[in-house]
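Peer 1: Next one to model:
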Amino acid sequence: MDKSKLRAVLRAKRSNLLPAQQQLASRQLTVNVAASRLFRTSRHIACYLPHDSEIDPTPLIERIWLQGKTCYLPVISHLSWDYLWFAPLEPDTEFTVNRFGIPEPTVHRRELVRAQLLDLILVPLVGFDRAGNRLGMGGGFYDRSLAFLRFRRHWKKPHLVGLAFELQQVDTIEADEWDVPLQGIATENGFYQATSHLREKASP
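Peer 2: Numbering: from 1, shown residues only. Next comes the predicted model:
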């Protein structure tokens, strides 16, 4: 199955979940992410607001605030229009809807930070495999914004963890040369460390 067909199948699957199933999965996801070492050791964490039936990380955002960490949301650059910056998120933050219908924090440009300054980025996705390959919506925003990670010999911050429903897992996603792999994936069932990252850690 090519990526466009796979994307359609997986989007339909998560859209068919009942609201009660989505809410329960969101709560279980929060527990699994919060228990991970990457979350516990990170202070500056980027998240996202759910769109198109993505698993809802709102309880996780509240956990970030509760633990005194700083939360950020992605903002599409007004200069290149294909690159992400990250804006700090507070409980009283005001929003502006971007061209995709997704709310973004309304902040001054000087408050925006690059991905390199974050400790952990929690990434939305359409599909994933256990190697850490991610199928996104097809826009390439995260891959372009995080392309610098592909040229590092050893993984450094920001760490990348995908958030998804368990039903979004597939056997294999063929990676393109521009894809940036995930370090781990969290679902309502648990936290999976990507096998590609395990191999990287084991290599001399």
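
Peer 1: what's the burial count for the residue lying closest to residue 179 once chain neighbours are set aside?
Peer 2: Leaving out its chain neighbours, the residue that sits closest to residue 179 by C-beta to C-beta, 6 or more residues apart in numbering is residue 143, at 5.9 Å. Every C-beta, even on glycine, is put in place using the N, C-alpha and C of the backbone. Here the number of neighbours of residue 143 (other C-beta atoms under 10 Å) works out to 16.

Peer 1: do the same with residue 99
Peer 2: For residue 99, using other C-beta under 10 Å, the count is 7.

Peer 1: Likewise for the one 4 residues further on?
Peer 2: Here the count is done by other C-beta under 10 Å, and residue 103 has 14 residues near it.

Peer 1: And what about the residue nearest to the spatial centre of the chain, helix, strand or coil?
Peer 2: Centroid-nearest residue in the chain, with C-alpha atoms, centre = their mean: residue 123, separated by 0.5 Å. Following DSSP: H, G, I helix; E, B strand; the rest coil, the label given to residue 123 is strand.

Peer 1: surely it meets residue 134?
Peer 2: Yes. With contact defined as C-beta atoms under 8 Å, residue 123 counts as touching residue 134 (6.9 Å).

Peer 1: On the strand side of things, show who the residue nearest to the centre of the chain bridges to.
Peer 2: Judged by DSSP bridges, the bridge partners of residue 123 are residue 162.

Peer 1: got the contact list for residue 166?
Peer 2: 25, 187-189 (C-beta atoms under 8 Å, 6 or more residues apart in numbering).

Peer 1: Ok, residue 111 next?
Peer 2: Per C-beta under 8 Å, 6+ apart, neighbours of residue 111: 87-88.

Peer 1: Any figure for the gap between residue 185 and residue 82?
Peer 2: Distance, residue 185 to residue 82, using C-beta to C-beta, to the nearest Å: 25 Å.

Peer 1: Neighbour count: those two, which is higher?
Peer 2: Neighbour count, other C-beta under 10 Å: between residue 185 and residue 82, residue 185 has more, with 26 against 12.
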